[in-house]
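Visitor: Make a model of this:
(chains A, B and C)
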Amino acid sequence: MSGGRLRSRSSLSLSLLAPLILVALTMAVGANGTPSLRGTVTMILCNLIIVLGLQVFIGNSGVYSFGQLGFASAGAYVAALLTLPAAFAALQTPALPHWIASAQLTPLLSTLVAAAACGLLAAVVGLPLMRTSTLAIPISTFAFLIVVYNVLANWDAISGGSSGLVSIPRTTSIGAAGLWAGAAVVVALAYKWSTHGYRLQATREDEVAARSLGIGVTGERLIAFALSGMLCGIGGALAAHQSGVLNPTTFYFGATVTTVTMMVLGGARSVLGAVLGAIAVASVNELLRGFEGGGHIFGVLSIGRTPGLTAIGVGLILLATMIAMPDGLSGGREAGELGWVRRLRTMRPSPGSAANGAVAMKKIERSGEGALRAEGISVAFGGLRVLRGVDLTLQPGEALGLIGPNGAGKTTLVNVLSGFLAPDAGTVSLDGADVSGRSPARLARAGLSRTFQAALPFPHLNGLESVAVGAMGVGVGRREAVTVAARVLDRLGMHEQAAVPAGSLPPASQRLLGVARALATGPRYLLLDEPAAGLSEVEGGELIAILRAVLDDFGCGILLIEHEMSVVMSLCPRVQVIDDGVTLRVGSPAEIQADPAVVEAYLGSSYLAAASA
Amino acid sequence: MLELREVKVAYGGVEVVHGVDLGLAQGEVVGMIGPNGAGKSSVLRAVCGLARPSSGEVLFEGRVLNGMAPERIARLGLALVPEGRHVFKTLTVAENLRMGMRRNDKSTAVLERTLERFPVLRARAGEHADRLSGGEQQQLAIARALLGQPRLLILDEPSLGLAPKTIDLIYELLEGLREEGTTMLLVEQNAARTIDFCDRCLVLGAGRVRVQGRREELEGDSNLLRTYLGGQP
Amino acid sequence: MTELVQNLIDALALGSLYALIALGVTVIYSVMDMMNFAHGEFIMLSAYALYVLAGLPFAAAVGGALVTGVLIAIVAERVAFRPVRKADMSAQLVTSLAVATILQNVVMAAVDARPKSVATPTFISESTQLGAISVPNLEFLTLALTAVVLVGLGWLLYRTRAGLAMRAAAENFEMARLLGVRADRVIALSFAVSGALAATVGVLLVMQTGQVSPTMGLTPVLVGFVAVTIGGFGKMFGAVLGGLVLGAISSLLGAYLPEGLLPFRDAFVFSLPVAILIFRPHGLLGAATGEARV
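Guide: Okay, here's the model as predicted:
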């Protein structure tokens, strides 16, 4: 990997070419077949564009939208109305404004207009919808689908009502469909690998961690939603111009289930998956459609007329996939990321990248005077007072350990400092500025980052991507982010882990990756929440060495909550002990260990008495 | 009664308990202490069926508990009072207690005896559990566990978040239970009380048993201090 | 004035129907954290039971519908939802979508894609005079049934050991198991209750429209979802409130929308909740479980 690249040239080419080749093959099969086959394949390619639209939003955000077919519908109608010959328009849609009815755009132009219209519609619809909670989005988008249906079915004068439109010029050739599908593949991949795509994927992997890295969840979802709407609109427009007929049920519930199944079967997280799934389900569809009139299966079983057999088949595929193979055929990976492909080549950062990283790092690191200061922090949950007037000061470049018995309030204090919890009383200031109540994302951009106790760094992104997302979160462009990430990983000695999906790394590496990711945001203050938990003594020792290097290299202040005393005592020249919501003592490790109050807090007065006897 | 043989527990690939042996006879009161992150709660979760040991065996009266559903284990006679108490806040005190009783247990004898031991619960029987103080909730959690007439009572950090006087009250209750012969396994981070109270204690550190013994043996033991605070005292 | 009262009664009746749907969805959600897309098909299949049992006296057919609803719910849980119990919310939602599709199309293949008419007792289509107001008997029945259901549900949840176990499991599943509550049984029970609620709605819908069709469950399940969303997830009371609000909006729009906009009533009804969600993202009553992770 050279500086600025997240994946090797070969991996990138493979990931890009594989789905494109599949599209080309599909085209070839159709182009050489009977007219009916050609028509079927053209439709498959149009559906593929819609599935890619679904993948762009659902696959990258992890949130399901059931309304995307509403955009397909909208795009189809917009394009159809623009290409319908004036005479037919007068018959079917009498109330259509004259300038639309008489317009007869070329197929290309009508598709482009449909794309723009749907993108705009999706942006407008998405604006309120993306602000709702993660569970409300599937429901509200489902409502959108039904609203679109309702409007189209009842606005007879404009849309032709429930009987829809006929005599749409059948201008979509298999070549055109193939080209658009190829373009959609490129767009989907380009988005997925862009800064915005990575930020959105981070919200899918771990929404809380993503927020703590400075990522705006609603905004990223909106961008993907708009792009997705656009792609679906294109697919719908092309499909309508292949079949020549259109009505509100064309892109409704059944099509929603079919396209979602295509995406899920292929593997929602990857573009390759979308293509695989679309082709696979469409093939099964065609097979089953042949049986809908009744027939013999394998010459043995005979069934009668079964309308809806196709849909049952699709439903069964979806059910089986969810139960047995939730990651789909591709496992959520692009072609260049498949296991056996990876084993053929290993990737290492090139020598130049570390130096470039040093330059990039300076740009993020903030200059500033002062310290992280918390004064008089009090927090109560219900009637229980967890923190009672705690002060804490952290200087850049120093390591402060935070210890105390379980339930003493340490994690609560860190939550207050990092913006996840608002204190009932007290203030937090960052380099002199009052930041009490600021969100974690804003604090990340202001120079304060943290790790989490149970942290699993984004399991489906590889090491380099996971860390680069940290930098992207605070607004760094992708190339720079990669250089920063390379430097951080280099400094932490994690070359091997850069190319491997983070979810398959051993726990110690995952823990370190979480630290690396927080470091990539260029913080002045880094809060580490029990990074050594569960690590063996050897791994704990390695962690200490790395954290020391971090202190020297990156110059940030580290607040370390730990229970592994060996880690705290050997790294932190200053330790603060909290018990029962108040600070017991702040001092050097030796002072702490000798302090009777501290010993008592942990072990009790009778122990103390016996020990000093 | 309860036996753990080389039990290891792992969460998502991370092994947090590296082989713990434990033996508990009927009528004994055994404590498990150690700093947080030492694996105490993980051991309890493995015993109660909330986590499956990655290796080793958990035996209760000769039966292997590995992999058994938590509700089955509970019906065998193990009752857990979990860390943080987890009383049902949307239910009343009376309903919480009812949840503790066995399904077909219609007799009021056990309930009466329990309410006598925990008079504050009788007084506030109709109130929703979230209106109780921390100490009262702890009493409710213990009473709820006792109503199932368990053969083994396991308590995970009963003194967590409670004021010293309330802790005294709780331990008085536990003393009463001990006198009646209830077998108990007590997990605490506060070493002092536990060493004082239990017949014997195991000290866990970083997923292993570091020290164990009776009160006289443990007090003043420098190993103990080192397990908690690291370095030399 | 009388027209207003009439409209209000209509609104109440529709709201009650929607509340029943929302309750059916919430019962499962509160215990399992899953929104069940197939609830609409539970409704549809119960309705088809009326069609299939058309020869029997109506009361018997209704009983058959009830049994159908409960059975199909329990079977669906056992076969389709249990394997994905540990999966995340989105996965379970999509699984329920698959179940919905399968059920819908099986009926389409087994019976017909076209609607079939079902004979209902004549008194249902008649109205009763209350002073100056004429109230359709069906609305009386809806209100009465809703009241019965609410009382019955309340009795189940607050007066029986099984219902207590359900409420406890809804709040803290793990703790309930530690107290001996059998996970499988609680979940099966919640599905059974949901199925019974679906059957009630199915019967009412048949009485309202006089027909059954394979796609009749689509709008109701959306209604249920939207009602639960605006009422606040996971709370029974929120479901009822959401249903009443949605029903009232729908009914009043039906009464007062100008003629030309009437066909678009559904579009209005389902767009308005979005407005509610913008100002109160967790619904009118808020979510039952907190979302803070750390």
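Visitor: and the next element down the chain from the biggest helix by length in chain B?
Guide: Counting by DSSP state H, the longest helix found in chain B is helix B:164-179. Next along the chain after helix B:164-179, taking DSSP states H and E as the criterion, comes strand B:183-188.
Visitor: about what we covered before: how far off strand B:183-188 does the longest helix of chain B point, in degrees?
Guide: Relative orientation of helix B:164-179 versus strand B:183-188 (axes from the mean of the first three to the mean of the last three Cα atoms, to 10 degrees): 160 degrees.
Visitor: Alpha carbons only: can I get helix B:164-179 in PDB?
Guide: Taking Å, rounded to 0.1, in the frame of the first residue of the first chain, the C-alpha atoms of helix B:164-179 are listed here in PDB:
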ATOM      1  CA  PRO B 164     -22.000   1.500  55.200                       C
ATOM      2  CA  LYS B 165     -25.000   1.300  57.600                       C
ATOM      3  CA  THR B 166     -27.100  -0.400  54.900                       C
ATOM      4  CA  ILE B 167     -24.300  -2.800  54.300                       C
ATOM      5  CA  ASP B 168     -24.400  -3.700  58.000                       C
ATOM      6  CA  LEU B 169     -28.100  -4.400  57.700                       C
ATOM      7  CA  ILE B 170     -27.600  -6.600  54.700                       C
ATOM      8  CA  TYR B 171     -24.900  -8.600  56.400                       C
ATOM      9  CA  GLU B 172     -27.000  -9.000  59.500                       C
ATOM     10  CA  LEU B 173     -29.600 -10.600  57.200                       C
ATOM     11  CA  LEU B 174     -27.000 -12.800  55.700                       C
ATOM     12  CA  GLU B 175     -25.800 -13.800  59.100                       C
ATOM     13  CA  GLY B 176     -29.300 -14.800  60.000                       C
ATOM     14  CA  LEU B 177     -29.400 -17.000  56.800                       C
ATOM     15  CA  ARG B 178     -26.100 -18.600  57.700                       C
ATOM     16  CA  GLU B 179     -27.500 -19.500  61.100                       C
END
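Visitor: Using CSV, write out every CA atom in stretch A:581-592.
Guide: Only the C-alpha atoms of stretch A:581-592 are listed here, as CSV (Å, rounded to 0.1, in the frame of the first residue of the first chain):
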residue,chain,number,x,y,z
GLY,A,581,-18.0,9.1,44.3
VAL,A,582,-15.2,11.2,45.8
THR,A,583,-11.5,11.5,45.2
LEU,A,584,-9.6,9.8,48.0
ARG,A,585,-6.1,10.7,46.9
VAL,A,586,-4.0,11.9,44.1
GLY,A,587,-0.3,11.0,44.1
SER,A,588,2.5,8.8,42.8
PRO,A,589,2.0,5.0,42.7
ALA,A,590,4.2,4.5,45.8
GLU,A,591,2.3,7.1,47.7
ILE,A,592,-1.0,5.5,46.8
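Visitor: re earlier: just the buried positions in the longest helix of chain B, please.
Guide: For helix B:164-179, a neighbour-count test (16 or more other Cβ atoms under 10 Å in any protein chain shown) marks B:166-167, B:169-171, B:173-174, B:177-178 as buried. To be clear about C-beta, it is placed using only N, CA and C from the backbone, and glycine gets the same treatment.
Visitor: Format the residues you listed as a markdown table; extra columns: pLDDT.
Guide: Rendered in a markdown table, the data for those read as follows (pLDDT from 0 to 100):
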| residue | pLDDT |
| --- | --- |
| B:Thr166 | 81 |
| B:Ile167 | 83 |
| B:Leu169 | 85 |
| B:Ile170 | 86 |
| B:Tyr171 | 88 |
| B:Leu173 | 87 |
| B:Leu174 | 89 |
| B:Leu177 | 88 |
| B:Arg178 | 89 |
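Visitor: In CSV, list these along with distance to chain A.
Guide: Shown next, in CSV, are the buried residues of helix B:164-179 (distance: Cβ to the nearest Cβ, whole Å):
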residue, distance to chain A
B:Thr166, 12
B:Ile167, 11
B:Leu169, 17
B:Ile170, 15
B:Tyr171, 12
B:Leu173, 19
B:Leu174, 16
B:Leu177, 21
B:Arg178, 19
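Visitor: and which of these is nearest B:Glu28?
Guide: Of all these, B:Glu28 sits closest to B:Arg178, with 9.5 Å by Cβ to Cβ.
Visitor: residues in contact with the closest one?
Guide: B:29, B:184 (Cβ atoms under 8 Å, 6 or more residues apart in numbering or on different chains).
Visitor: so how far is A:Leu145 from it?
Guide: B:Arg178 sits at a distance of 64 Å from A:Leu145 (criterion: Cβ to Cβ, to the nearest Å).
Visitor: Return the distance of stretch C:200-219 from the chain's centre.
Guide: Stretch C:200-219 sits 12 Å away from the centroid of its parent chain (Cα atoms, centre = their mean, to the nearest Å).
Visitor: typo on my end, it should be stretch A:473-492
Guide: With Cα atoms, centre = their mean, you get 18 Å for stretch A:473-492.
Visitor: Any stretches of chain C with poor pLDDT?
Guide: C:286-294 (pLDDT under 70).
Visitor: residue ranges for the helices of it, please.
Guide: Going by DSSP H, chain C shows helices at C:2-32, C:39-52, C:58-76, C:89-110, C:137-159, C:161-171, C:173-178, C:183-209, C:218-231, C:236-256, C:265-279.
Visitor: counting contacts, what elements does the shortest one pack onto?
Guide: Meaning helix C:173-178. helix B:70-76, helix C:161-171, helix C:183-209 (3 or more Cβ pairs under 8 Å, 6 or more residues apart in numbering or on different chains; DSSP states H and E).
Visitor: can you list the residues of chain B near chain C?
Guide: Within chain B, the positions adjacent to chain C are B:48-50, B:69-71, B:74-75, B:79-80, B:82, B:86, B:88-91, B:95, B:98-100, B:102-103, B:144, B:148 by Cβ under 8 Å from any Cβ of the partner chain.
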